[in-house]
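In: here is my input; please provide its structure:
(2 chains)
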Amino acid sequence: MTLPAVALPAGRTGVVTRARARVAGAAGALFVGFFTVLAVFGEQLAPYRATELAGPSLEPPSDAHLLGTNLLGQDVASQLILGARASLVIALLAGVGTVLVGGMVGVIAGWFRGWVDAVLMRVTDVVLVVPKLPLLLLVGALTGGRVGALSLLIAVTFWPVTARVLRSQVLSLRTRTHVRAATGFGAGTWHQLRNHILPDLALLSLAELIPAASRAVALQAGLAFLGVGDPSQPTWGGMIRDAIAYRSVFLIEAWKWWLVPPILAIVTLVAGISLLGTAGERRLSPRVSRHTR
Amino acid sequence: MPNDPLLTLATDALPEPSPPPAPAARSPWRSVARTVGLYAITIWAVVTIVFLLPRAIPGDPLQHLDDPDSGAFVEDSRSRELAMAYYGLDRPLLDQYRLYLSGLVDGDLGWSISQRAPVGELIGRRLPWTLLLVGSSMLLASAVSFVAGVSAAWRRGSVTDKALIVSLAGTRAVPEYAIASALLILFAVTWPVLPMAGGQTAFARYPNGWEAAKDVFNHLVLPMSSLTLGLAANQFLIVRNSAISTLGEDYMLLARAKGLPPRLLKYRHSGRNVLLPFLTAFGVQVGFAVSASLFVEKVFSYPGIGTLIDSAVTARDYPLLQGLFVMLALVVIAANFLVDLAYKWVDPRVA
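Out: Sure thing, here's the model as predicted:
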């Protein structure tokens, strides 16, 4: 029995409504699209090369330098444009990698159950507890912070949540009538997975991809901020690192054009991916949206 | 309806809501032993990863001896062998592993290359600062998000509730170093009421302990606030959502019908039942807080583990990084372990 005196009509309990979700989705698409263009056409769009000494040190924004220059006289706007690539590549690679690893573990554990499941889930528990950022710092410092290596590292440390979600979905799927009927007709594991399990996991995997991607962007920026990054490639986190390493940045005006733009870029991209995810989830799966509304 | 005398009489006789009786449980020690086992395996895994990682990656620590461009270049292979023997790198892997483990048990975390000091000592000097920062922030964030979450759930749909959700969900997209930088600019530069860096005033001499505590506190306020803001968002959303789900329960209707004041309803009936998910989230938060403190410490040059990690990464000081990782992992694992035990103690149904 529910409590009529307290319960509000459904639809007023959450903040997000359908119209707002559409706006959110459009905003998310706009942000992500904008940064994708920067990532693809960075070299053509940036007025200077990332490491080029383009002007005097700590020049305020002007026509020649839209976002001024940093301590070394490098053009901040160019670094910002060229830094988009590292963030988007990591979002894509690490996001897909996380879902792949997590999906593999989840499907195997959920389908085979028994001791395979028990072992895989204990491994999941163990990986879940290990602090991720220190581990990534350690391995990143050892291997260098190249985007590909970093994506792989993020995927092999962040898969457990996805694995758990997908495993419980597989557990529920395998009790459905059509799957049991197919088992009755003698369908093998491979046939079942390919025709009945994996297609039904596609939507859920997509829903898992979004948070994995936005987390990877934040993580890559954070790692670069702490000094684990590819020195040959400009990154937003690296820009913030340089700005904060110059302690006086806070005391003069320079933080306005040197520190704020890369932070805004990270926040916009992370939020953009999340917005895209919320909107996409509602469109693709009405079942989910009914619950979260 | 709460004024109906018949109902009041009827409900007064009823006992306070209590959780459903635990099923005839097997010994609780069984599940405690299971937990202990799982955490022991986790610790072993962490320690072993740290041992295997540098050995799994191509190259060895003495590679620079072969490089003619390096200052440490040695021409004859005999010196290289001697160096390998000196560091025990020529022994079989299992022997190295045993040496490493027995060193760890003795508290020997190795020798920092860049700082030329034992890793354990370096960490020991920085750890209290980080514990102070992380501990105070977690307490503050928990208290704030608990009260705010229960209240927001109580008045869900209200302007305050919506404002809290939107602002806190927004904070989740903002990295901690951004929050920290914003607070630093606001309260240490634009309106300079608090110190902008460090853990205490350099070279200060305090007349008494009170002055020293005040100075440390002044330096703590901004880092602590940054970390608290970063932590509160998650906890708030969890508390709010679980509190909303308690509002529809029968015991809430009963408590309401008894005419209990809203404050009791909110904190005793709704709030208490939120404690379990809250505790679960707390375990996750510890790991999150430790990571977030690295960023915050760097922005404020706080003398804790974060700045030590930063210098270790910059210098690629692997022994130091390794020790720091083992230590942070142990702290996080220990915290999760305690939360797990507390969970079984708070809710007998789990055990």
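In: what residues sit buried inside the helix or strand containing residue B:263?
Out: Using DSSP states H and E, the element containing residue B:263 is helix B:262-264. Across helix B:262-264, burial judged by 16 or more other CB atoms under 10 Å in any protein chain shown covers no residue at all. The way it works is simple: take the backbone N, C-alpha and C, and place the C-beta from them, glycine included.
In: identify the residue nearest residue 95 in space, chain neighbours excluded?
Out: Picking chain A for this. Distances taken as CB to CB, 6 or more residues apart in numbering or on different chains place residue A:213 nearest to residue A:95, at 3.3 Å, with adjacent residues excluded.
In: chain B was what I was after
Out: Nearest one to residue B:95, counting by CB to CB, 6+ apart, is residue B:88 at 7.6 Å.
In: check contacts around that neighbour.
Out: B:95-96, B:99 (CB atoms under 8 Å, 6 or more residues apart in numbering or on different chains).
In: got a list of what the residue of the stretch 1-150 of chain A found nearest chain B touches?
Out: Going by CB to the nearest CB, chain B is nearest to residue A:133 of the stretch 1-150 of chain A, at 3.8 Å. Going by CB under 8 Å, 6+ apart, residue A:133 touches A:219, A:222-223, B:290-291, B:294.
In: which of the contacts of residue B:88 are buried? Put it as a PyMOL command.
Out: A single PyMOL command selects the buried members of those (16+ other CB under 10 Å):
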select buried, chain B and resi 96
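In: now do the helix holding residue B:263: distance to the chain's middle.
Out: Helix B:262-264 sits 32 Å away from the centroid of its parent chain (CA atoms, centre = their mean, to the nearest Å).
In: stretch B:100-109 now?
Out: 24 Å.
In: quick check: end-to-end length of that stretch?
Out: End-to-end span of stretch B:100-109 (CA to CA, to the nearest Å): 9 Å.
In: name the SS class of the residue nearest to residue B:95, please.
Out: Following DSSP: H, G, I helix; E, B strand; the rest coil, we place residue B:88 in the coil state.
In: residue closest to the middle of chain B?
Out: residue B:286 (2.2 Å; CA atoms, centre = their mean).
In: low-confidence stretches in chain B?
Out: B:1-28, B:58-72, B:348-351 (pLDDT under 70).
In: double-check residue A:80 against residue A:263; I have them as touching.
Out: No. Contact criterion CB atoms under 8 Å: residue A:80 and residue A:263 do not qualify, at 10.7 Å.
In: who touches both of those two?
Out: With CB under 8 Å, 6+ apart as the test, residue A:80 and residue A:263 both reach residue A:236.
In: what does the stretch 51-200 of chain A put close to chain B?
Out: Counting by CB under 8 Å from any CB of the partner chain, the stretch 51-200 of chain A comes close to chain B at A:122, A:125-126, A:129-135, A:137-139, A:141-143.
In: ok, of the residues you listed, which come out buried?
Out: The buried subset of these - by 16+ other CB under 10 Å - is A:125-126, A:129-135, A:137-139, A:141-142.
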